[in-house]
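Colleague: have a look; sequence and predicted model below, questions after that.
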There are 2 protein chains.
Amino acid sequence: MGSHGHPYAPAELELPGFVPMQLSQGQIVAPYLGASLFVVLAVWLLSGRCRRLSKIDRLLMCWWAFTGLTHIIIEGTFVFSPDFFKRENPTYFDEAMKEYSKGDSRYAARDTATVTVEGITAVLAGPASLLAVYAIASRKSYSHILQFTVCLGQLYGCLVYFITACLDGFNFWASPYHFWAYFVGANSSWIVIPTLIAIRSWKKICLAIGAEKMKRK
Amino acid sequence: MGSHGHPYAPAELELPGFVPMQLSQGQIVAPYLGASLFVVLAVWLLSGRCRRLSKIDRLLMCWWAFTGLTHIIIEGTFVFSPDFFKRENPTYFDEAMKEYSKGDSRYAARDTATVTVEGITAVLAGPASLLAVYAIASRKSYSHILQFTVCLGQLYGCLVYFITACLDGFNFWASPYHFWAYFVGANSSWIVIPTLIAIRSWKKICLAIGAEKMKRK
């Protein structure tokens, strides 16, 4: 705990009323990983009942369910809880955000760009991700363009998140460990996976448009 | 000119070294409108030589050429000129940004989120818009998904731009006139037109994917 009564960087950050953490890193990470694994397994098993779905489609459904619930529950709670770090009886989600803030104190500091990106992600990308689960399962014709849309939103959000961190001083982590584990590590899935899905959807869409053009000739 | 040596709001904004404007509003707006009209007319006339292009495609080419050049030239100059308001011999672009800052002083104040959105728009959306002109003219199969991508980027950028303005106090305009003319008026085209194009591309893509599925059945 720094002299300003919180464990975050920069040390001079003012967080009046900060309530020290009550859960350990393991007590925060384990339930998140456990719940995520449960969601992924449940979607994998349920989607196995649809005979016409490929393994890639089923994996995509798992991803969209996991990322949609993360956006809505974890990020949504943060967006609508401006006082999460000073609650006397913090919930699991308050504690999770206090822990993540060690990797990026802009969450505790309520940085405008961070709250904005998280708000767009929670309110728009979250429900759209869950819609993607349904769209893939029902083989809707908007499935690819919807997945592409959410991926693009996630990638734009990450771009804003990282560029604003650079412009604002790039000094928001309590230690190199928190920089690599939280700021880089926890976010990297939302760069790599949306990039891969966006490329796949782009190709599928171009193929379909190309085939339609050939037909018209 | 306020007591802090600049015409912007909030009055207490510090802009040391601010050089008063040398061009009038008319001297800034007229060349922009004139150059834009020239670009639109040139693309309209040139695209008329391609027989297979519909009028909507030709109008879209005009829009993409106009918006691409605006992103690269006007917004690009702003992003890479952090000292635009204190230059002793300001260029036309410096003066244009000083004028626009009357509608949103975050430009002169170099607000992080504003610079970030403008940077992404200038560096990614700008060239991609010009690529869209070529893609439409050459009837590339990626034409719709490319247009959709740029529209989504523009809309995400506008969302970040307006939400951060709300969260940061919503008091960045010198007068109600500048609020309506610059902050709302000048930006509204980049909400309405990308929304319309995105809807159109979404529908075209869904139709092509749907047709491909029918074929496979």
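Modeller: Alright, I've got the coordinates.

Colleague: buried residues, the lengthiest helix in chain A. List them.
Modeller: In chain A, taking DSSP state H as the definition, the longest helix is helix A:187-216. Neighbour-count burial for helix A:187-216, counted by 16 or more other CB atoms under 10 Å in any protein chain shown, picks out A:187, A:190, A:193-194, A:197-198, A:200-202, A:204-206, A:208-209, A:212. From N, CA and C alone the C-beta is placed, and that goes for glycine too.

Colleague: and it, how far from the chain's centre?
Modeller: Computed by CA atoms, centre = their mean, to the nearest Å, the chain-centroid distance of helix A:187-216 equals 21 Å.

Colleague: before we move on, back to that, out of the buried residues of helix A:187-216, who's near chain B?
Modeller: The subset of the buried residues of helix A:187-216 within reach of chain B, by CB under 8 Å from any CB of the partner chain, is A:202, A:204-206, A:208-209, A:212.

Colleague: ranges for the helices of chain A?
Modeller: Along chain A, the stretches classed as helices by DSSP H are A:25-47, A:55-69, A:76-79, A:92-100, A:112-120, A:126-137, A:143-167, A:176-178, A:187-216.

Colleague: save those helices as TSV, and put in mean pLDDT too.
Modeller: TSV is the format used below for the helices of chain A (pLDDT from 0 to 100):
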stretch	mean pLDDT
helix A:25-47	98
helix A:55-69	98
helix A:76-79	98
helix A:92-100	97
helix A:112-120	98
helix A:126-137	98
helix A:143-167	98
helix A:176-178	97
helix A:187-216	95
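
Colleague: from the centroid of chain A, which residue is nearest?
Modeller: A:His71 (5.2 Å; CA atoms, centre = their mean).

Colleague: enumerate the residues of chain A near chain B.
Modeller: Taking CB under 8 Å from any CB as the measure of proximity, chain A contacts chain B at A:112-113, A:115-117, A:119-120, A:139, A:141-145, A:148-149, A:152-153, A:156-157, A:159-160, A:163-164, A:167-168, A:202, A:204-213, A:215.

Colleague: distance check, A:Pro82 against A:Lys98.
Modeller: Taking CB to CB, to the nearest Å as the criterion, A:Pro82 is separated from A:Lys98 by 13 Å.

Colleague: name the residue in those two with the higher neighbour count.
Modeller: Set side by side, A:Pro82 and A:Lys98 show unequal neighbour counts under other CB atoms under 10 Å in any protein chain shown, the larger going to A:Lys98 at 26 against 10.

Colleague: how about that one, what does it touch?
Modeller: With contacts taken as CB atoms under 8 Å, 6 or more residues apart in numbering or on different chains, A:Lys98 has the following neighbours: A:21, A:84-85, A:90, A:108.

Colleague: at 10 Å instead, please
Modeller: A:Lys98 is in contact with A:6-8, A:15, A:18-23, A:28, A:84-85, A:87, A:90, A:107-108, counting by CB atoms under 10 Å, 6 or more residues apart in numbering or on different chains.

Colleague: and the residues you listed, which are buried?
Modeller: Buried by 16+ other CB under 10 Å: A:6-8, A:15, A:18-19, A:21, A:23, A:28, A:84-85, A:90, A:107-108, out of those.

Colleague: neighbours of the residue nearest to A:Tyr92 when sequence neighbours are not counted, just the number please.
Modeller: Spatial nearest neighbour of A:Tyr92, excluding adjacent residues (CB to CB, 6 or more residues apart in numbering or on different chains): A:Pro31 at 6.8 Å. With neighbours defined by other CB under 10 Å, the count for A:Pro31 comes to 13.

Colleague: now do the same contact list for the closest residue to A:Tyr142 other than its chain neighbours.
Modeller: For A:Tyr142, the nearest residue in space outside its immediate sequence neighbours is B:Cys206; the separation is 5.0 Å by CB to CB, 6+ apart. Applying CB under 10 Å, 6+ apart, we find B:Cys206 in contact with A:140-146, A:205, A:208.

Colleague: now A:Lys102
Modeller: Contacts of A:Lys102 (CB under 10 Å, 6+ apart): A:6-9, A:21, A:25, A:108, A:172-175, A:177-179, A:181-183.

Colleague: and if we set it to 7 Å?
Modeller: Contacts of A:Lys102 were listed using CB atoms under 7 Å, 6 or more residues apart in numbering or on different chains, and they are A:7-8, A:173-174, A:178, A:182.

Colleague: repeat that for A:Ile136.
Modeller: Shown here is A:Ile136, whose contacts under the criterion CB under 7 Å, 6+ apart are A:57, A:60-61, A:143.

Colleague: mind picking the two most distant members of those residues?
Modeller: The largest separation in these, counting by CB to CB, is between A:Met61 and A:Ser143 at 10.4 Å.

Colleague: I'd guessed A:Phe66 sits against A:Val40; true?
Modeller: Yes. If you go by CB atoms under 7 Å, A:Phe66 and A:Val40 touch, sitting 5.7 Å apart.

Colleague: find residues that contact each of the two.
Modeller: Once CB under 7 Å, 6+ apart is applied, it turns out that A:Phe66 and A:Val40 contact no residue in common.

Colleague: who has more neighbours, these two?
Modeller: Legend: neighbour count by other CB under 10 Å for A:Phe66 and A:Val40, higher for A:Phe66 (21 against 16).

Colleague: what's the nearest residue to A:Thr116 if we skip its chain neighbours?
Modeller: Going by CB to CB, 6+ apart, A:Thr116 has B:Ile163 as its nearest residue, at 4.6 Å.

Colleague: and A:Lys213, by the same measure?
Modeller: Distance criterion CB to CB, 6+ apart; nearest residue to A:Lys213, sequence neighbours excluded, is B:Ser141 at 6.6 Å.

Colleague: residues near the one you found, how many?
Modeller: Around B:Ser141 sit 19 other residues, with neighbours defined as other CB under 10 Å.

Colleague: give the contact list for it.
Modeller: Here B:Ser141 is in contact with A:206, A:209-210, A:213 (CB under 7 Å, 6+ apart).

Colleague: quick check, A:Glu99 in contact with A:Gly26.
Modeller: No. Taking contacts as CB under 7 Å, A:Glu99 lies outside contact range of A:Gly26: 10.4 Å.
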